[in-house]
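**Q** this one's structure only:
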C-alpha cells in the first residue's frame, strides 16, 4: 500500500511539474507581449502549485511592481529573500520597498545584506545603489528648497539633449543633463570616478556651457557629491535654485543608484530602432555593431517600461512627434507633468544652462545661439542588409509596439 501511495505522489508531482512549466512559459509570453494582468494570473497559479519557486517569485514581484501593486510586490520580494539569501537584487528591492513604506529598520537591514552580497563594487550595480541608500538613511535631509525631479530615460542619441534644453528653458525649471558626469570622467572608452585629490582639473568632465571648471558646479560641490551622494538630485536642484530639475541619466541602473527611492517623474523618450541606429552610426567615435545596438535598444526600453517603478508620473514620447510640432507636444508634456508651459522655450533661447554629458554635436548647435528646432530631417539611407535586419526586428518587437501605444495614449497622433 505504501508503494502505491508513493507512485501516486510521483505521478502527481510529474503532472504538476509539466503544468508549472506550461504556465511559466505562458506567463513569459504574456510578459514579452506587455500583458501584465494576464501574466499575473498565470504566475499566481504557478505559485499556488510551487509556493517556493524562486524564479516565479521574482517574475510575479516584478509584474505586481509594474502594475503599481506595491504591497503585493513587497510581500513577494520578502518571500524571495526567505527562499534564497544569496540574491543581492531581492534584498535591494526589499530595501527599496521598505524605504517607500517608511520601515527604515527593514530598509537598512536589507540594504546592508545587498551590499554584503554584491562586494564587486560595480558602478551603478546593486551594491552601489544600496550603499547610496545607506548613506541616504544615515544623513538627515539638508535640503531647504523643495523641488521636483523629472528624468528623461532612453538610449544614447534619443534626443534627450535637445528636449532637456527646451524643458530647462521653462520658468522655474533647470536642466543638468547627465548628472553622473559631475563625479565621473571618461578614461578612454571607459567611465571611472574622478579622483578629486589626484586628477588634474582638466580631466574633470566639462560643463557644456563653462567648460572646466564650471562656474556653478565647482570642484568643492562635485567632490561633496562624490563623498556623500545622499539626496543627490535635491542638492543639484538646490544649487540651480529651481522648482523642477530635469536630468537625463537615462538608464535604470544609474537612476536606481542615484535615487534609490525612485522619487521622480519619468519621461521615456524614444526613436524607432531604425532612426536610433541612424543617429548612432553618424558618430565617428561609435563602433557598436548593429546587432548589439538593437539588443541594447530593446533591453534599455524594456527595463524602463517594466523594471523602474518610479513613484511619480510616467509618459512615453516619440522624438519625431516633438520635432515635427514642438509647441503642441511641449504643451501636452507640461500638462502631463504639471510644468509651467511657455511656448518661447521651443525657440531655444541661448540662456546659459550648466549641463553635463549629452550629444556634443547638439550642444554645439544649441550654444551657437540657433533659434529654431529642425522639424524635418532627411533620413540617412541605410545599406539594404541593415534595413532588412532592422525591419524584421521592428516588426517583431513588443517593446516598440508598447512604446508607440503609450505615446498614442499620452500625446495622441
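**A** Noted; the coordinates are in hand. Please read these numbers as outputs of a predicted model, since none were measured by experiment.
**Q** can we go C-alpha only for contacts and neighbour counts from here?
**A** Will do.
**Q** so what pLDDT did the residue nearest the centre of the chain get?
**A** Centroid-nearest residue in the chain: residue 252, 3.1 Å away (criterion: CA atoms, centre = their mean). What the model reports as pLDDT for residue 252 is 88.
**Q** how close does it sit to residue 153?
**A** To residue 153, residue 252 is 8 Å away according to CA to CA, to the nearest Å.
**Q** which neighbours do these two share?
**A** Residues touching both residue 252 and residue 153 (CA atoms under 8 Å, 6 or more residues apart in numbering): residue 304.
**Q** flag the shaky bits of this protein, pLDDT-wise.
**A** Judged by pLDDT under 70, the chain has its weakly predicted residues at 1-13, 119-124, 136, 138-146, 284-286, 310, 349-350, 363-379, 413.
**Q** can you pull out the helices in the stretch 151-300 of the chain?
**A** Per DSSP state H, counting those that start in this stretch, the stretch 151-300 of the chain carries helices over the ranges 160-167, 219-227, 232-240, 252-258, 273-281, 290-306.
**Q** who wins for proximity to residue 108 among those helices?
**A** Closest of the helices of the stretch 151-300 of the chain to residue 108 is helix 252-258, at 15.5 Å (criterion: CA to CA).
**Q** quick one: distance of that closest one to the chain centre.
**A** Relative to its parent chain, helix 252-258 has a centroid offset of 7 Å by CA atoms, centre = their mean, to the nearest Å.
**Q** what does it contact?
**A** Helix 252-258 is contacted from outside by 124-126, 128-130, 132, 180, 229, 232-233, 249, 262, 300, 303-304, 307-308, using CA under 8 Å, 6+ apart.
**Q** if we use 7 Å, what do you get?
**A** Residues from elsewhere that reach helix 252-258 (CA atoms under 7 Å, 6 or more residues apart in numbering): 124, 125, 128, 129, 132, 232, 249, 262, 303, 304, 308.
**Q** stretch 311-326 too?
**A** Here stretch 311-326 makes contact (CA under 7 Å, 6+ apart) with 159, 262-271, 329, 346, 373-376, 403, 406-407, 410.
**Q** what residues of that stretch count as buried?
**A** Residues 314, 315, 316, 317, 318, 319, 320, 321, 322, 323, 326 are the ones in stretch 311-326 that count as buried (16 or more other CA atoms under 10 Å).
**Q** please report how far the residue nearest to the centre of the chain lies from residue 299.
**A** 10 Å.
**Q** what of residue 116?
**A** 27 Å.
**Q** now residue 68
**A** For residue 68, the distance to residue 299 (CA to CA) stands at 21 Å.
**Q** swap in residue 84?
**A** Taken as CA to CA, the span from residue 84 to residue 299 is 26 Å.
**Q** quick one, which of the two is more surrounded?
**A** residue 299 (15 against 12; other CA atoms under 10 Å).
**Q** surely residue 91 is in contact with residue 112?
**A** No: Residue 91 is beyond contact range of residue 112, at 8.7 Å (criterion: CA atoms under 7 Å).
**Q** of these two, who's got more company?
**A** Neighbour count, other CA under 10 Å: between residue 91 and residue 112, residue 91 has more, with 29 against 20.
**Q** which ones are touching that one?
**A** By CA under 7 Å, 6+ apart, the residues touching residue 91 are 81, 110, 111, 113, 114.
**Q** for it, pull up the helix or strand it's in.
**A** Applying DSSP states H and E as the criterion places residue 91 in helix 88-101.
**Q** if I look at the residue nearest to the centre of the chain, how far off is residue 152?
**A** According to CA to CA, residue 252 and residue 152 sit 11 Å apart.
**Q** same deal with residue 225?
**A** In this view, residue 225 and residue 152 are 21 Å apart by CA to CA.
**Q** of those two, who's got more company?
**A** Legend: neighbour count by other CA under 10 Å for residue 225 and residue 152, higher for residue 152 (26 against 19).
**Q** surely the more buried one and residue 270 touch.
**A** No: taking CA under 7 Å as the definition, residue 152 is not a contact partner of residue 270, at 10.0 Å.
**Q** residue 279 reaches residue 157, doesn't it?
**A** Yes: Residue 279 is within contact range of residue 157, at 6.3 Å (criterion: CA under 7 Å).
**Q** so between these two, which is more surrounded?
**A** Neighbours were counted for residue 279 and for residue 157 using other CA under 10 Å; residue 157 has more, 20 against 17.
**Q** from residue 359, how far off is that one?
**A** Counting by CA to CA, the separation of residue 157 from residue 359 is 7 Å.
**Q** go on, residue 283?
**A** Separation of residue 283 from residue 359 (CA to CA): 10 Å.
**Q** check residue 70 too.
**A** From residue 70 to residue 359 the distance is 36 Å (CA to CA).
**Q** equivalent analysis for residue 282, please.
**A** Relative to residue 359, residue 282 is positioned 12 Å away (CA to CA).
**Q** these two: who's more crowded?
**A** Taking other CA under 10 Å, residue 282 and residue 359 do not tie; residue 359 has more neighbours (16 against 10).
**Q** for that one, which non-adjacent residue is spatially closest?
**A** Residue nearest to residue 359 in three dimensions, not counting chain neighbours: residue 161, with 6.2 Å by CA to CA, 6 or more residues apart in numbering.
**Q** any idea how many residues pack against that neighbour?
**A** Neighbour count for residue 161, taken as other CA under 10 Å: 26.
**Q** all the helices of the stretch 301-413 of the chain, residue numbers only.
**A** For the stretch 301-413 of the chain, helices defined by DSSP H, counting those that start in this stretch occupy the ranges 319-324, 326-337, 360-367, 384-395, 398-411.
**Q** mind checking which of the ones you listed is nearest residue 40?
**A** Nearest to residue 40, of all those, is helix 398-411, at 17.9 Å by CA to CA.
**Q** which neighbouring elements make contact with the closest one?
**A** The helices and strands touching helix 398-411, judged by 3 or more CA pairs under 7 Å, 6 or more residues apart in numbering; DSSP states H and E, are helix 290-306, strand 314-318.
**Q** perfect, I'm done here.
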